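Visitor: Fold the following.
(chains A and B)
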Amino acid sequence: EADIYQTPRYLVIGTGKKITLECSQTMGHDKMYWYQQDPGMELHLIHYSYGVNSTEKGDLSSESTVSRIRTEHFPLTLESARPSHTSQYLCASSEPNRPETQYFGPGTRLLVL
Amino acid sequence: SQQGEEDPQALSIQEGENATMNCSYKTSINNLQWYRQNSGRGLVHLILIRSNEREKHSGRLRVTLDTSKKSSSLLITASRAADTASYFCATAPRGGGATNKLIFGTGTLLAVQP
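Guide: Reported below is the predicted structural model:
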């Protein structure tokens, strides 16, 4: 298992609330990623980061935003949650020497009522 | 549509049997990877095969890659109940640059009956 952590694991929240999903890794990896995955479906890349102060949009448009102030942390924020944001959010990272392989956190299951 | 399409969508076998899953993709790739996802968990990297390789083994896993057909297969031999999970292929498109972005397939849900 990789040393990459996500909190909370499960979140049920009402429409309009601001939420932040935390992701942290203790492996010193430079690249980090956020994926969105609906039940039984493929993963879609929504954000990624090359390193500190670097953030890029992924292939799937998302209303969420991310920040990368420290190497270890890559939090994802939704300013105003909506039911359409209900999904599983997976964070991943990759190391400089083996950038092809990504290590995943356990995910956060978000339910917006 | 997504780069990776996998079949079958679901597969149920008995313990001890072999399981084969297939993945097709659309664009040129640098490498193709297989990941496993247990229910409600994150993905775990299983094996990577580069575009210039045709076959790779890791324990009970055997992966083949046919770049002319843009397809790959994952074979799990002597399956165990603990192999029950969803299996995803992921491709690293050629020209993807420094991002090392992966494009995931739709996944195959494998159920191994004890």
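Visitor: Grab the nearest non-local neighbour of whichever residue of chain B sits closest to chain A.
Guide: Residue nearest to chain A within chain B (C-beta to the nearest C-beta): B:Gly42, separated by 3.5 Å. (C-beta placed from N, C-alpha, C; glycine too.) Leaving out its chain neighbours, the residue that sits closest to B:Gly42 by C-beta to C-beta, 6 or more residues apart in numbering or on different chains is A:Phe104, at 3.5 Å.
Visitor: measure the one you found to B:Leu102 for me?
Guide: 11 Å (C-beta to C-beta, to the nearest Å).
Visitor: Give the residue from these two that has the larger number of neighbours.
Guide: B:Leu102 (28 against 23; other C-beta atoms under 10 Å in any protein chain shown).
Visitor: Quick check: the more buried one touching B:Cys89?
Guide: No. Between B:Leu102 and B:Cys89 there is no contact under C-beta atoms under 8 Å: 9.7 Å.
Visitor: can you list residues touching both of these two?
Guide: B:Gln33 (C-beta atoms under 8 Å, 6 or more residues apart in numbering or on different chains).
Visitor: residues from chain A in reach of chain B?
Guide: A:1, A:4, A:6, A:31, A:33, A:35, A:40-45, A:48, A:50, A:56, A:58-59, A:90, A:92, A:94, A:99-107, A:109 (C-beta under 8 Å from any C-beta of the partner chain).
Visitor: 6 Å instead, please
Guide: A:42-43, A:90, A:94, A:99-101, A:104-107 (C-beta under 6 Å from any C-beta of the partner chain).
Visitor: Adding pLDDT and secondary structure, write the residues you listed out as CSV.
Guide: Converted to CSV, the residues of chain A next to chain B look like this (pLDDT from 0 to 100; DSSP: H, G, I helix; E, B strand; the rest coil):
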residue, pLDDT, secondary structure
A:Glu42, 87, coil
A:Leu43, 91, strand
A:Leu90, 96, strand
A:Ser94, 93, strand
A:Pro99, 77, coil
A:Glu100, 82, coil
A:Thr101, 89, coil
A:Phe104, 94, strand
A:Gly105, 95, coil
A:Pro106, 93, coil
A:Gly107, 95, coil
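Visitor: Return the member of the residues you listed nearest to B:Thr67.
Guide: Nearest to B:Thr67 out of the residues of chain A next to chain B is A:Glu100 (C-beta to C-beta; 16.4 Å).
Visitor: Tally up the residues packed near that closest one, please.
Guide: 17.
Visitor: Next, the contact list for the closest residue to chain B within chain A, please.
Guide: Taking C-beta to the nearest C-beta, chain B has its nearest neighbour within chain A at A:Phe104, 3.5 Å off. Counting by C-beta atoms under 6 Å, 6 or more residues apart in numbering or on different chains, A:Phe104 touches A:90, A:92, B:42-43.
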